[in-house]
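Student: I'd like to go over a predicted model; first the sequence, then the structure.
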Amino acid sequence: MRGMTYTDNRADLPLLRPGDAGYDDELAGFQTGFTQRPTVIAAVRSAADVVAAVRYAAAEDLPVGVQATGHGLPGGYEGGLLVTTRRLDGLTIDPEARTVRVQAGVRWGQVVAAAAPYGLAPLNGSAPGVGAVSYTLGGGLGILAREFGYAADHVRWLRIVTADGVLRHVTPESDPDLYWALLGAGQNFGIVTELEIGLVPVRTLYGGSLAFDGREVDPAAVLRAYEAWTRTVPDGLTSSFAAVPYPDLPALPPHLRGRYLVSIRVAHTGADGERLTAPLREIGPVLSDSLCEMPYAESHTIHSDPDFPHTYYGDSAVLRELDVERAGELLKRTGPEAGLMCVVQVNHLGGALSRPAPNAVPYRDAQFLLRLLTVGDRERARAVLDPAFALLADDRLGRSLNFAFGSGDRGAGLYDPETRKRLAGLKEAYDPANLFRRNHGVSAC
């Protein structure tokens, strides 16, 4: 790797600038739709490298951004220092304590594979390629969320390099305020290099997807039936609704080309999954049915999220309730006639997600999360998505940090006023110069 090296008494830090060999490769990630051109990249290999990077940025008055897997890209640091953490890929399972220590570059698929031999599972999301640490700092809405809560609720401790260039070990006992802030707004307070999080004793689950042809079965009718069904299920069952109009392109698998798929995805650790999901099969003719008992290591097949880098833009709405009539109108506006591919997903919340926890993850009284995602140009996307979100504005509590994909005002609505005020006070205490400019609405400057 060609580039300059910054030296302090803790580390020799490899830095890459535009024009250096490896600069463009270092920027590559899952999200390909937004251009990043930082003044300098720190390709860190250790916590000591992170300390050196933060001290260098502070000395040079450079804003700092962080990128692990590139599913979500940092904002507010343009022209500054980008710290890439993909090389921090260590993880350690403690099967007796039911915990895992993960460094900042570890992906959830690695943790699932490492925990499975012990009959344990992490509280990961649907996509195995997502970074475990960044996901958890945003809250972490997993496939078993209604049973176990947010991933952030299970963090034991974190190690973070704060704006003063100090590596801190943070626990609920040692630094209760910083611990609270990191879990929900962590990347606005420093660079987390490692954390320890609890695992759950899950070997298998009942899960999968029921898919309907959106041109044969009314998508709005499926959503109405799904919302009514969610009122009958126990807290231990987690599910979501999705509607995806696939373009007729040769690059897609034949079974997806030109299809409008409407699906309900389920994950449940109880023994009564077959009985609980039986009403879903009565909604209409099923195009495919993958509901079955499976090893937890195969849980990524429930959603089958794309695993290849691509361009996407989207946002989210945390909802007090789901107005199914207005949501039906939203489906019409984002369906095959929308003019661009729109992915609609509705996650059922509640259950363990509503329990209080000592962290900054907001909106625990919400019952649903709406996520709208498009593939393509940002301006065209806004022309479709903004009016769609407006349909459900009356029940919108805010937005989810984990699912704010390239939104214009990155900070608006991510926290309720009380949480935002407390975060702003802590930002002033830990990063008064706003070195970590994540623009989450808690800036001290």
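Tutor: Thanks, I have it.
Student: which parts of the stretch 201-350 of the chain are strands?
Tutor: Using DSSP state E, counting those that start in this stretch, the strands assigned to the stretch 201-350 of the chain run over residues 204-213, 237-245, 260-268, 288-289, 292-295, 313-319, 342-348.
Student: number of nearby residues for residue 316?
Tutor: The criterion is other C-beta atoms under 10 Å. On that basis, residue 316 has 26 neighbouring residues. Yep, even glycine has a C-beta here, placed from its N, CA and C like the rest.
Student: how far away is the nearest residue to it once chain neighbours are set aside from residue 189?
Tutor: What sits nearest to residue 316 in space, not counting adjacent residues and going by C-beta to C-beta, 6 or more residues apart in numbering, is residue 403, at 3.8 Å. The gap separating residue 403 from residue 189 is 21 Å, by C-beta to C-beta, to the nearest Å.
Student: if you count what's nearby, which of the two comes out ahead?
Tutor: Between residue 403 and residue 189, residue 189 has the larger neighbour count (other C-beta under 10 Å), namely 26 against 23.
Student: touching, the more buried one and residue 432? I think so.
Tutor: No: applying C-beta atoms under 8 Å as the test, residue 189 and residue 432 come out as separate, 11.8 Å apart.
Student: still on that earlier bit, residue 361: which of the strands of the stretch 201-350 of the chain is closest?
Tutor: Set against residue 361 and scored by C-beta to C-beta, those come closest in strand 313-319, at 10.7 Å.
Student: identify each buried residue in that closest one, please.
Tutor: Within strand 313-319, the residues that count as buried by 16 or more other C-beta atoms under 10 Å are 313-319.
Student: tell me which of those is nearest to residue 157?
Tutor: residue 318 (27.7 Å).
Student: state the pLDDT value of that closest one.
Tutor: pLDDT recorded at residue 318 is 98.
Student: who's in contact with it?
Tutor: 349, 362-363, 366, 368-369, 396-400 (C-beta atoms under 8 Å, 6 or more residues apart in numbering).
Student: now, which of those residues sits nearest residue 155?
Tutor: residue 362 (16.5 Å).
Student: which residues touch that closest one?
Tutor: Residue 362 touches 184, 318, 398, 414-416, 419, counting by C-beta under 8 Å, 6+ apart.
Student: of the residues you listed, just say which sits nearest to residue 34.
Tutor: residue 414 (18.7 Å).
Student: how close does that closest one sit to residue 316?
Tutor: Counting by C-beta to C-beta - residue 414 and residue 316 are separated by 10 Å.
Student: overlap of the contact sets of those two?
Tutor: Counting by C-beta under 8 Å, 6+ apart, the residues touching both residue 414 and residue 316 are 399-400, 404.
Student: ok, the residues you listed vs residue 141, which is closest?
Tutor: The closest of the shared contacts of residue 414 and residue 316, once distances to residue 141 are taken by C-beta to C-beta, is residue 400, at 7.3 Å.
Student: to what extent is the closest one buried, counted in neighbours?
Tutor: 23.
Student: for it, give me the pLDDT.
Tutor: 95.
Student: isn't it right up against residue 140?
Tutor: No: using C-beta under 8 Å, residue 400 is not in contact with residue 140; the gap is 10.6 Å.
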